[in-house]
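Q: with the sequence up front, the predicted model follows.
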Amino acid sequence: MGKIHKKSAKGRLDKWYKLAKEQGYRSRAAFKLVQLNQKFSFLEKAKVVIDLCAAPGGWLQVASRACKPGSLLVGVDLAPIRAIPNCQTFVEDITSDKCRSQLRGVLKTWKADVVLHDGAPNVGAAWLQDAYGQAELVLMSMKLACEFLVPGGTFVTKVFRSRDYNNLLWVFKQLFNKVDATKPPSSRNVSAEIFVVCRGYKAPQKLDPRFTDPRAVFEEVAEPTPNVEAKVFEPEKKKRNREGYADNDYTLHKTVPASDFVSGNDPIQVLGTSAEIVFPEEDEDSQRLKNLEITDEDVLIYCSDLQVLGKKDFRDLLKWRLRARSELGLGKRPENEEKTVVEEIPQVDEETQMDQELQHLNEAERIKVKRERRRANKHKQREIIRMQMGMEAPMEIGMEQSEMGEDSMFGLSTAEKHGLGKLTDASAPEIPATEEEDETLGESEEEYDSEDEQERLEAELDSMYSQYTVRKAESDVNYKVKRSRGDANDEEWEGIQQPTSDSEEDESKTASEEGGERLLTSLDKNDSGKNGLSKKASLFFDQDIFDGIGDDGDADKEIVTMNAAAKEERLAPTENEDESFDEEKRTRKDDIEMVPSISAEEKEDDWDSDSDNEGENVDIVTAEAMTLAQEIASRRKTKSDLIDDGYNRWSFQPKDGLPDWFIDEENHHNKPNKPITKDAVLALREKMKTINARPIKKILEAQGRKKMRTVRRMQNVSKKAEGITESGEMTEGEKSKEISRLMSRAMKSKPKQKPALVVAKGANRGIQSRPKGVKGKYKMVDSRMKKDLRAQKRLDKKKRK
Ligand SMILES: C[S@@+](CC[C@H](N)C(=O)[O-])C[C@H]1O[C@@H](n2cnc3c(N)ncnc32)[C@H](O)[C@@H]1O
């Protein structure tokens, strides 16, 4: 990428590209370093910086702006770099010895505070080779970093999230005190690149050469002790395929034609390793499948994104496959593809033959009994329903109840088998089968959809689903992370299993302690690593989140060998450490990529701790707030979930030094899309309706005044009425007449005052304010208006005639 290619695809000329142009950076990549430095601040203090793979020089420009004046900045690349003030550059391959000696020549006795590496082999041609090539390049740049960094120095590198990513991370952790992987906002989401910032170089006196040897770091060893899941689901030993990256490369979007999925013998393999099932137009079989009636919209949706299949979707898709197979005449039971086994029939004597016949007869008898029992049960079920519908008296049913054994319909076992609810739930009665239907049901004992077969199919689907989850988990680190957080959406996953045998653990421990011989095997990620974990589990525990667990703190800084490091790092958290581990992880404030799962009680605690805020009057006026409120109220979300949600790509958006137009645009377009549920919108609408239905303040006040006036009037009336009752001059009849007259007068509202008409002539002509001497309501009229009105009246009269 020495020379700047003209980026033709519109999408690549994004805002960062424009911003780079505006700010005079040679590449949009410059912002990646700007953002990394904003987050980790390693450039400000640096006096010597080496930039490996620096062309066209964006990172060097950033470094020269951020570092102190007079700092030594050295850039090297295969491509020449146009001069940059305060920077020295030369053309060389960073993997060569010449590059090393040239760097030595420039630096002399100095050591670098920061070594940067943003190198990438010519990306684009073949991703798989690129990924490995890039991982090798990273290792080479780390080798240079180890040679030139000061103790405590920083190494920043770009890594592709390929299969080798975890291995690289593991090596970094042996050599640096703090290793953080992050993706700055300016790095495209579609790109597999991620940046690793390694701080606190341990500067061992002697570096084990295997740390920088790609063969040792990315070693491929067949699993000597495959983990439990692997044993169950992957009977053959899998070797890592250098060219491959196929089975753990989730950055690739793998598709498989529907015809292959349906006709193939390993649907689980397909579901576990592909991202999409497609129906290519040129593939006739796939098109036939697409046009089947059973291929409904749901199936197409499932096929379009296999990565998100839940248990139910998974089962539906497999059921669709089975039905599709039977419609295409591919056989009903593909999973158990009958193998043609040629059995040699041994010579049998007469007695054995009789035994066999007897067995056959017994079997036939058993099937017959079972069929009859089922029919009887159906009959009983029908009777119950009829009784529940008032069509039959309870007496009539269950006459043979006493004769029926444990297996009868009323027997416990049957009840359990069918589910009590099914028997007792009158609200959803099963539609009783007719006699003929019973017959067919009974006779189709071996049929595909018979009861036993259904059960078998269910069991098979369950086991397939477990296999699928394992495959999914193996091919997706994020999924493991999700599992560890307890929020993956299927229930079956049992987690990463540790070998149960203590002896195994002891063995590996002693072997690594004995040193020497097992140097490399302790690096073997295939070996039962820490605490006897499988290779995958070991790498999993090597992730950032498990930092410091098992570290004795006094690691030998002088000689770090792969073996020592492996021993040091591969200690899994012991039970005692679990607590402090939890505590530490919970208090971590930086980029949390993973959090330990929270137990149900802890979740409860989360809720309890919120009780302090009880009673606080919060008005919910937006649909987002209402959604959140509903989720919290229904406990679909906990406090921890909210905190977790807070760590997203928007939580790290430093805006210093950016122009206003850019910030405005960011504020406008780059904001989180907060989820809104239909329920929340409806609830909010209802709330607004009730608020709107309430009268406004002025009306309420007017109503209050009116009420008050009425009360006063009534008080007056009652006073007067008291006077009337006490007077001795009136007869009782007169008194009551007078009181009712008072009452009706008080109740009568005053007649509306008619506005006084004021003619706008003389002094009143053209005035805007109240005419002099006029009180109360008035209306201005003029002679013109009078004439017009009269004319209008005449016209109306004429029309009527
Ligand atoms: C993404 S660019 C670096 C961009 C740079 N950081 C910037 O900000 O302008 C990757 C560079 O790595 C260089 N590169 C790849 N392999 C290399 C090698 N073996 N030695 C030196 N440079 C290499 C390429 O020539 C290319 O210029």
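A: It's in. Everything quoted here is computed from the prediction, not taken from an experiment.
Q: poorly predicted segments of the stretch 551-700 of the chain, please.
A: Segments of the stretch 551-700 of the chain classed as low confidence (criterion: pLDDT under 70) are 551-618.
Q: with the chain instead?
A: In the chain, residues with pLDDT under 70: 1-13, 122-130, 220-252, 331-351, 384-460, 463, 466-618.
Q: can I see the domain layout of it?
A: 10-202, 220-243+525-586, 250-333+454-494, 350-447, 603-610+618-693, 697-747, 756-792 (automatic domain parsing).
Q: what residues sit buried inside the last one?
A: Residues of domain 756-792 classed as buried under the neighbour-count rule (16 or more other C-beta atoms under 10 Å) are 758, 760, 780. C-betas here are computed from N, CA, C, even on glycine.
Q: just name the closest of these to Ile699, please.
A: Met780 (29.4 Å; C-beta to C-beta).
Q: and the closest one, bridged to which residues?
A: On DSSP bridges, the residues paired with Met780 through beta bridges are Val758.
Q: contacting residues around the closest residue to the ligand within the stretch 501-650 of the chain?
A: Using C-beta to the nearest ligand atom, the point where the stretch 501-650 of the chain gets nearest to the ligand is Arg649, with a distance of 21.5 Å. For Arg649, the set of contacting residues under the criterion of C-beta atoms under 8 Å, 6 or more residues apart in numbering consists of Pro185.
Q: check which helix or strand covers it.
A: Arg649 is part of no helix or strand, with elements assigned from DSSP states H and E.
Q: that's a helix at Asp788, yeah?
A: Yes: when DSSP: H, G, I helix; E, B strand; the rest coil is applied, Asp788 is found to be in a helix.
Q: what's the distance between it and Lys801?
A: From Asp788 over to Lys801 the distance is 21 Å, taken as C-beta to C-beta, to the nearest Å.
Q: same thing with Gln653?
A: The spacing between Gln653 and Lys801, counted by C-beta to C-beta, is 82 Å.
Q: what of Asp462?
A: With the distance defined as C-beta to C-beta, Asp462 ends up 94 Å from Lys801.
Q: give me the beta-bridge partners of the residue of the stretch 151-300 of the chain found nearest the ligand?
A: Scanning the stretch 151-300 of the chain for the residue nearest the ligand gives Lys158, at 7.5 Å (criterion: C-beta to the nearest ligand atom). Beta-bridge partners for Lys158, by DSSP bridges, are Phe195.
Q: just want to know which of Gln653 and Lys801 has more residues nearby.
A: Each of Gln653 and Lys801 had its neighbours counted (other C-beta atoms under 10 Å), and the higher figure belongs to Gln653 (15 against 4).
Q: and the more buried one, what is it in contact with?
A: Gln653 sits in contact with 185, 666, 670, where contact means C-beta under 8 Å, 6+ apart.
Q: doesn't it lie inside a helix?
A: No: checked against three-state DSSP, Gln653 lies outside a helix; its state is coil.
Q: backbone torsions only: list them for it.
A: Listed backbone geometry of Gln653 is phi -140, psi 70, with angles given as degrees, to the nearest 10.
Q: which bits of this protein sit near the ligand?
A: 1-2, 26-27, 29-30, 53-59, 77-79, 93-95, 118-121, 137 (C-beta under 6 Å from any ligand atom).
Q: filter those down to just the ones in strands.
A: When DSSP state E defines the strands, the subset of these inside them is Asp77.
Q: and the residues of the chain next to the ligand, which are buried?
A: Buried, going by 16+ other C-beta under 10 Å: 1, 26-27, 29-30, 53-59, 77-78, 94-95, 118-121, 137, out of the residues of the chain next to the ligand.
Q: so which of these are in helices?
A: When these are checked against helices (DSSP state H), the matches are 30, 58-59, 137.
Q: just put the residues you listed in a markdown table and tack on distance to Arg709.
A: Shown next, in a markdown table, are those (distance: C-beta to C-beta, whole Å):
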| residue | distance to Arg709 |
| --- | --- |
| Ala30 | 77 |
| Gly58 | 80 |
| Trp59 | 82 |
| Leu137 | 91 |
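Q: list just the nearest of those residues to the ligand.
A: Gly58 (2.7 Å).
Q: the closest one against Leu33, yeah?
A: Yes: assessed by C-beta atoms under 8 Å, Gly58 is found in contact with Leu33 at 7.4 Å.
Q: intersection of neighbour lists for those two?
A: Joint contacts of Gly58 and Leu33 (C-beta under 8 Å, 6+ apart) do not exist.
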